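A.B. asks: Any chance you could fold what I've pasted below:
(chains A and B)
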Amino acid sequence: MTPGIIPAVELRGLCKRFGDCVANDGVNLRVERGSIHGIVGENGAGKSTAMKMLYGMYRPDAGQILVNGKACVWSSPANAIAAGIGMVQQHFMLAGPHTALDNIVLGGEPNRFGLINRKQAREGLENLSQQFGLDVDWERPVEELPVGVQQRIEILKLLYRDANILILDEPTAVLTPQETNALFHNLRRLRDQGKTILLITHKLKEVIALTDRVTVFRGGTVTGEVQTWQTNPQELANLMVGRKVLLKVDIPNAKPLPELALEIKNLTLSGSAGSRDKLSNVSFSVRCGEIVGIAGVEGNGQSELLQALLHPRDRNCRSTGTVSFLGRAVTNWSAREIRELGVGLIPEDRQKEGLLPGRPVAENFVLGLQRYPEFSRAGVLNSGNIAASATCAIKEYDVRPVELDIPAGKLSGGNQQKLIIAREFHRNPKVLIAAQPTRGVDVGAIEFIHKRILRARDEGAGVLLISAELDEIVALSDRVLVMFEGKIVGEFLRGTVNETELGLRMAGS
Amino acid sequence: MSRILQPILAVLVGLSLGLAVTWIAGENPWHVFKILCLGAFGSPYDLGMTLFYATPLVLTGLSVAVAFHAGLFNIGAEGQLTLGALAAAALGALWPQCPSIIAPFLAGLAAIVAGTLWGAVPGWLRAHRGSHEVINTIMLNFVAVGLSSYVTLYLLKNPETQNPETRSIGDGYMIHQFAWFGGAPVSLALPLAIVAAGCVWFFLAKTVWGYELRAVGQSQSAARAAGISAGNVRIIALAIAGALAGLVGVAEVLGNAGRFKVGFSPEYGFIGIAVALLGRNHPLGILAAALLFGALHKGATALDLETEHVTRDLSLILQALILLSVCAEGLWSWSTKRQK
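C.D. replies: Numbers count the residues shown, from 1 in each chain, chains lettered A, B, ... in the order given. Just a heads-up that it's a prediction; the model follows:
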């Protein structure tokens, strides 16, 4: 590092403890002014904690934060914002019914005698958006705008408040490939105009594509800092996990069996009056021993499809068309009967649909399995068997810590997901429905989860994979279906997938 | 640890605040406290009356707690217990010569069935029509009051008295009253309530249905994804809640009055909410909380006679202050902070 140049941000020996848990243990970080700096690390490695301290949301127990060479002590994000630091959260903080303009000026409205001067605000914003090439439709309600544009609005919010240091937390999690490219283009432009950008992400490809330097976190400390052009995804992954990680699981070809695991015919679910059908004439099938992936930007009918498959009797998800699992039409079946056929589910939203966050791990392990004869007889739970099976399973599936009594909500995202997978695989599923199986999960756990899904396929299960991660879909699926506005708009076989074309189909063209 | 400690501290804080109020009113707080204790536990009779008041509170507390574990708020225990008592009294009045071997069981069954139905109705409405159980249980309380008044005054009126009560039930229906409480009406209903607490604990902690019920209460969406029918669980939970509240009819009609008296309940159903809250929805906690509230109720009656400035209404003030201190999360944050 060249001495004499004052870095935009410097963290010196930051420590933060939550009870017995050490989240940050002496974090050192230097971010050059006018650079894009990647921050990578597994879940719970401490990267978010460090960024939250920089943004004034947490107070460090020890250590120093220097911004432009000056030591700073924040008591709230307001101080950090005043010092020119801005953060785009993973979940956008926008008021949906308000226009882009109102959202951006919210809290800093130019006003005269208490009346908002929208004209002045708009002029200022148009200058900003021209300067940085961030086009936005000012007068439409934010909720009607695509996610990529909403993100632009979030960035403009920071620029409007004169932020020079932008922190972005997982900014590409909800974007299509095209939107991601646009975002990267914009971020490079911001950097070239002198802004400093910190990018927190899981996606190593993006780090390589976009950043100038990368800092790797592991176990609450910084384990490496490298020039991006000198490194590669494999090296970063190894630094993150602390061992050698297989980024690409080696995938033998599928040997599909003749039986159909899942067959869907003409599934249609009408939307609310006046809007498009949520599902429109969806037909496809999944054979035993193959993985069928559904690619698509979120909100194009994937959730509705899942609900229609698993809860055909529920009034809100009732649809026309037929669903058959393992050759049996289930249109009038209850969710339990369907699951008892041998249908495993990794739900989209593990916090909401996968776990009882306040209950211990052991109770979560039997959720949905509670009526299995090994876990209950004549309605009475067999606590001994439950504890034994749960211990065995969380060891096999590497859920840490190996403790049955802690609430599942206290586990990290990756461990929660592994717990769910342990449970669903305990059913020996003949059909596995995996929705966003690796969302918010770290590299090591992704490798593990992918291997398990493949093993299920090779043991003869039919797998329906729904994911917003293109890499995952492309890597795992034997066939890829593309969903757009409730319709299946494309099908690719393994090895014939072209990412550009896939992205275009996902965007509806 | 803090799960047990916190309610106990809350009780102490609430009691001290309440006694401080009596000091402002011009009484010696220590004196008031002694009267309360003596009034509640001073003699076998006093103890008996405390237990007599505590018995229905155990049942209504359990009723609220079972619903709460399923994520439901049962404000209808009052209506459920009214109809439970009415059903037991009606059976006893209409068939007084029923053989005494089966009579208490039949009447108890009638009380349970009536309470169950009265609880299942809002459960069904919530499950299939999505209307909220809080509104429906409150409304059904009024319906229960009206229904019981009508049955009492127009169908089963006791001709021997001006009071709004039904004819006596046959002698064969009465359950055993314990002799060693100096005439206080402590009946077999007390052990029955304790057994009910044990059953509720076993049901919630050890059975598949209890597990499913708690799963729905924890996270409806997770339970649904796991194939548990939240609707059915809700109906079952409120039906059980109703059955527990209905058992109050056994304590009142078979164990004490021998008839249905309009307005017999000093709002056991609503105090049950407080009992469940203070007892942390755990059967053991509910037993303790019910005993405390029973003691406050009994002890405070002595205040009318023994003090100049304080009346039995102090019992309500104390109950309120104890509840406030249980709910005052800020007061307890230090204890959780320490744990972290």
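
A.B. asks: neighbours of the nearest residue to A:V9 once chain neighbours are set aside, just the number please.
C.D. replies: With Cβ to Cβ, 6 or more residues apart in numbering or on different chains as the criterion, A:V9 has its nearest non-adjacent residue at 4.2 Å, and that residue is A:V31. In this view, the C-beta of every residue, glycine as well, is placed from N, C-alpha and C. The number of residues packed around A:V31, counting by other Cβ atoms under 10 Å in any protein chain shown, is 23.

A.B. asks: give me every residue that touches B:L284.
C.D. replies: Taking Cβ atoms under 8 Å, 6 or more residues apart in numbering or on different chains, we find B:L284 in contact with B:A197, B:W201.

A.B. asks: Single out the residue in the stretch 401-509 of chain A that lies closest to chain B.
C.D. replies: Among all residues of the stretch 401-509 of chain A, A:R423 sits closest to chain B, at 8.9 Å; criterion: Cβ to the nearest Cβ.

A.B. asks: Which SSE is immediately downstream of the one helix or strand that residue maps to?
C.D. replies: Element membership of A:R423 [criterion: DSSP states H and E] is helix A:413-426. Proceeding N to C from helix A:413-426, the next assigned helix or strand is strand A:431-435, under DSSP H and E.

A.B. asks: what's the spacing between B:Y154 and B:G146?
C.D. replies: Distance, B:Y154 to B:G146, using Cβ to Cβ, to the nearest Å: 12 Å.

A.B. asks: dump the residue contacts of the residue nearest to A:V9.
C.D. replies: Counted by Cβ under 8 Å, 6+ apart, A:V31 has contacts A:P7, A:A8, A:V9, A:E10, A:H37, A:I165, A:T196, A:L198, A:R213.

A.B. asks: Got phi/psi on it?
C.D. replies: Taking degrees, to the nearest 10, you get phi -120, psi 120 for the backbone angles of A:V31.

A.B. asks: for B:P266, same thing?
C.D. replies: Comment: the main-chain dihedrals of B:P266 come out as phi -80, psi 50, following degrees, to the nearest 10.

A.B. asks: so it makes contact with B:H297?
C.D. replies: Yes. A contact is recorded between B:P266 and B:H297 when judged using Cβ atoms under 8 Å, the distance being 7.2 Å.

A.B. asks: Compare neighbour counts for the two and give me the winner.
C.D. replies: More neighbours surround B:H297 than the other of B:P266 and B:H297, with 24 against 11 (other Cβ under 10 Å).

A.B. asks: Now for that one: which residues touch it?
C.D. replies: Residues touching B:H297, when contacts are defined by Cβ under 8 Å, 6+ apart, comprise B:T50, B:Y53, B:P266, B:S315.

A.B. asks: what's the answer for A:K244, then?
C.D. replies: Taking Cβ under 8 Å, 6+ apart as the criterion, A:K244 is in contact with A:N238.

A.B. asks: quick one: secondary structure of it?
C.D. replies: Three-state call for A:K244 (DSSP: H, G, I helix; E, B strand; the rest coil): coil.

A.B. asks: what separates it from A:Q230, distance-wise?
C.D. replies: When Cβ to Cβ is the yardstick, A:K244 and A:Q230 sit 19 Å from each other.

A.B. asks: Equivalent analysis for B:P99, please.
C.D. replies: Following Cβ to Cβ, the distance that separates B:P99 from A:Q230 is 95 Å.

A.B. asks: What is the host helix or strand of B:P56 packed up against?
C.D. replies: In this assignment (DSSP H and E), B:P56 forms part of helix B:44-69. Secondary structure elements in contact with helix B:44-69, counted by 3 or more Cβ pairs under 8 Å, 6 or more residues apart in numbering or on different chains; DSSP states H and E, are helix B:29-41, helix B:77-94, helix B:189-206, helix B:208-218, helix B:230-246, helix B:248-249, helix B:268-278, helix B:283-301.

A.B. asks: just those helices: most buried one?
C.D. replies: helix B:248-249 (a mean of 33; mean count of other Cβ atoms under 10 Å in any protein chain shown).

A.B. asks: Give the burial count for A:G133, as a bare number.
C.D. replies: With neighbours defined by other Cβ under 10 Å, the count for A:G133 comes to 13.

A.B. asks: my read: it touches A:R188, true?
C.D. replies: No. Between A:G133 and A:R188 no contact is recorded; they are 10.2 Å apart, counting by Cβ under 8 Å.

A.B. asks: What does the pLDDT read for the residue nearest to A:V9?
C.D. replies: Per-residue confidence for A:V31 comes out at a pLDDT of 86.

A.B. asks: which residues sit in contact with the closest residue to A:D162 other than its chain neighbours?
C.D. replies: Counting by Cβ to Cβ, 6+ apart, A:D162 lies nearest to A:G84, which is 6.2 Å off, once chain neighbours are set aside. For A:G84, the contacting residues are A:V67, A:D162, A:A163, A:N164, A:I165, by Cβ under 8 Å, 6+ apart.

A.B. asks: how much space is there between B:H297 and B:Y154?
C.D. replies: Spatial separation of B:H297 from B:Y154 under the definition Cβ to Cβ is 32 Å.

A.B. asks: picking that back up, mind putting the helices and strands packed on helix B:44-69 into TSV with mean pLDDT?
C.D. replies: Conversion of the helices and strands packed on helix B:44-69 to TSV gives the following (pLDDT from 0 to 100):
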stretch	mean pLDDT
helix B:29-41	90
helix B:77-94	93
helix B:189-206	95
helix B:208-218	95
helix B:230-246	95
helix B:248-249	92
helix B:268-278	92
helix B:283-301	93
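
A.B. asks: Regarding A:P437, what is its secondary structure?
C.D. replies: Each residue gets one of three states, and A:P437 gets coil by three-state DSSP.

A.B. asks: neighbours around it, how many?
C.D. replies: Burial of A:P437 is recorded as 28 neighbouring residues (other Cβ under 10 Å).

A.B. asks: For residue 162, give me phi and psi.
C.D. replies: Because you didn't say which chain, this covers chain A. The phi/psi pair for A:D162 (degrees, to the nearest 10) is phi 60, psi 40.

A.B. asks: nope, chain B
C.D. replies: When quoted as degrees, to the nearest 10, the phi and psi of B:Q162 stand at phi -80, psi -20.

A.B. asks: ditto for the one 3 residues further on
C.D. replies: Here is the backbone geometry of B:E165 (degrees, to the nearest 10): phi -150, psi 160.

A.B. asks: and it, what does it touch?
C.D. replies: Going by Cβ under 8 Å, 6+ apart, B:E165 touches B:T152, B:N158, B:A257, B:R259, B:F260, B:K261, B:V262.

A.B. asks: Show me where the stretch 201-350 of chain A has its helices.
C.D. replies: In the stretch 201-350 of chain A, helices defined by DSSP state H, counting those that start in this stretch lie at A:204-210, A:233-241, A:302-310, A:335-340, listed in chain order.

A.B. asks: Residues of chain A that sit close to chain B?
C.D. replies: A:18-19, A:310-311, A:334-340, A:345, A:347, A:349, A:352-359, A:363, A:366-368, A:370-371, A:376, A:379-381, A:383 (Cβ under 8 Å from any Cβ of the partner chain).
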